[in-house]
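Chemist: what follows is a predicted protein model with its sequence.
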Amino acid sequence: MEHRRRTAVVLAGVGVGLLTSCTAQQPAPATSPSDPAPTTATATARATPTRPGPAAPTGTPAVVTTGLEAPWSVVFHDGTPLISERDSGRVLELADDGSARAIGTVDGVVASGEGGLLGLALDDRDRLYAYSTAADGNRVQRFTVTGSAGSLSLGQPETLLDGLPSAGIHNGGRIAFGPDDLLYVTVGDAGQPDRAQDLESLGGKILRMTADGDVPADNPFPDSLVYSSGHRNPQGLAWADDGTMFASEFGQNTWDELNVITPGANYGWPTVEGIGNDQDFTDPVQQWEPSAASPSGITHADGTIFIANLRGQVLQAVPVADPTTSTEHYLREYGRIRDVTVAPDGQLWLVTSNTDGRGTPGPDDDRILSVRLERG
């Protein structure tokens, strides 16, 4: 296996300051079972109203913060936004006025190409999980976050999983806790497509693990973290209210994908890209040409899956009730969009990615933007 699971505390300190085709045979799965947009970062984000109905962004997004360096992911620690910067390895917190300060730098991050400090997630104890690229591969680490808003600090790392395939491209990198309180991790093929069909490799997979990095008893393959296979470079995870799991995926030259993920399913890469109508593989529920999409982070709000797109420079809205359709918002208005999430107050936050080496940054890039969601 191309990975190592560990739960020992890593002694390396945390400094303060701060992206074919041969197919291996798959064994059968085991039997298992929004108010006007805010002009400050957190003042409105700490309210938590409940608003039913389908959602759509409305109005012109407001600027939350500017001057970020290749931001990748944003989560909310007790209402305070925390942001990962891919290349610097820093985790930032945002103040009410939109200013950012580093709470720590993840030690040993090797930022090259699409690698670096990528996805963030928080568990129900507000511990921070981070996916990053190190010298010996991608890894998932856990950190305590101490202090209060304005003076937060990142604790020592505990490495839960390391040695994942890494390269200058196709690192995956999105992590999120599902409605089952288990941690899901997207891992790209790291430029070697055959990994996606090899269950002995964790490359080209979506993984499912406990908060301590262990294999859940009801995972689809015995003693394996693999939840689904046949992925090229998945970078978005979200769940609808009924528990349906969605994942976005970068295609090669033909089709980008939005998939509904089921345990043990094989999504075809590299044998199939997009809808292949092959009974051995699970087709995406929607596909787009890469030039019009390149989907990264996704989120769910009231019956809608929102998708951040890089090359397409657009926010797509996909209704859960009919995921074969989508609506475009803000086409080429803000450049590349890396991530999208819902703030605690119900506002939709967009994270741009114009300073990642592939965009054309403006004077204020990169930015986080906030927009009100209109609910039916």
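Modeler: Noted; the coordinates are in hand. Residues are numbered from 1 along each chain as shown.
Chemist: from Pro57, how far out is the nearest residue to Arg86 once chain neighbours are set aside?
Modeler: Computed as Cβ to Cβ, 6 or more residues apart in numbering, the closest residue to Arg86 that is not its neighbour in sequence is Gly116, at 3.8 Å. Bear in mind the C-beta positions are built from the backbone N, C-alpha and C, glycine included. Separation of Gly116 from Pro57 (Cβ to Cβ, to the nearest Å): 29 Å.
Chemist: kindly report the same for Asp78.
Modeler: Look at Asp78 and Pro57: by Cβ to Cβ, they are 26 Å apart.
Chemist: what do you get for Ala292?
Modeler: For Ala292, the distance to Pro57 equals 19 Å [Cβ to Cβ].
Chemist: neighbour-wise, which of those two wins?
Modeler: Using other Cβ atoms under 10 Å, the more surrounded residue of Ala292 and Pro57 is Pro57, with 25 against 15.
Chemist: have a look at this structure and report its longest strand.
Modeler: The longest strand of the chain (DSSP state E) is strand 55-65.
Chemist: by contact count, what packs against it?
Modeler: strand 304-309, strand 315-319, strand 327-329, strand 348-352, strand 368-375 (3 or more Cβ pairs under 8 Å, 6 or more residues apart in numbering; DSSP states H and E).
Chemist: mind listing the helices for this structure?
Modeler: Taking DSSP state H as the criterion, the chain carries no helices.
Chemist: show me the shaky parts of it.
Modeler: Applying pLDDT under 70 to the chain flags residues 1-54, 376.
Chemist: list the buried residues of stretch 169-184.
Modeler: 169-178, 182-184 (16 or more other Cβ atoms under 10 Å).
Chemist: again, but for stretch 357-370
Modeler: Gly359, Pro361, Asp365, Asp366, Arg367, Ile368, Leu369, Ser370.
Chemist: and which of the residues you listed is nearest to Gln316?
Modeler: Leu369 (15.7 Å; Cβ to Cβ).
Chemist: would you agree the closest one is in contact with Ala343?
Modeler: No - when contacts are counted by Cβ atoms under 8 Å, Leu369 is not listed as touching Ala343 (11.3 Å).
Chemist: who touches both of those two?
Modeler: Shared contacts of Leu369 and Ala343 (Cβ atoms under 8 Å, 6 or more residues apart in numbering): Trp349.
Chemist: residues in contact with the residue nearest to Ser112 when sequence neighbours are not counted?
Modeler: Spatial nearest neighbour of Ser112, chain neighbours left out: Gly168 (5.3 Å); criterion: Cβ to Cβ, 6+ apart. With contact taken as Cβ under 8 Å, 6+ apart, Gly168 is in contact with Leu19, Ser112, Gly113, Glu114, Gly115, Gly191.
Chemist: now the residues you listed as JSON lines including distance to Leu82?
Modeler: JSON lines is the format used below for the contacts of Gly168 (distance: Cβ to Cβ, whole Å):
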{"residue": "Leu19", "distance to Leu82": "24"}
{"residue": "Ser112", "distance to Leu82": "24"}
{"residue": "Gly113", "distance to Leu82": "24"}
{"residue": "Glu114", "distance to Leu82": "21"}
{"residue": "Gly115", "distance to Leu82": "20"}
{"residue": "Gly191", "distance to Leu82": "30"}
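Chemist: how about these, which pair is most distant?
Modeler: Pairwise over these, using Cβ to Cβ, the maximum falls at Ser112 and Gly191, 12.3 Å.
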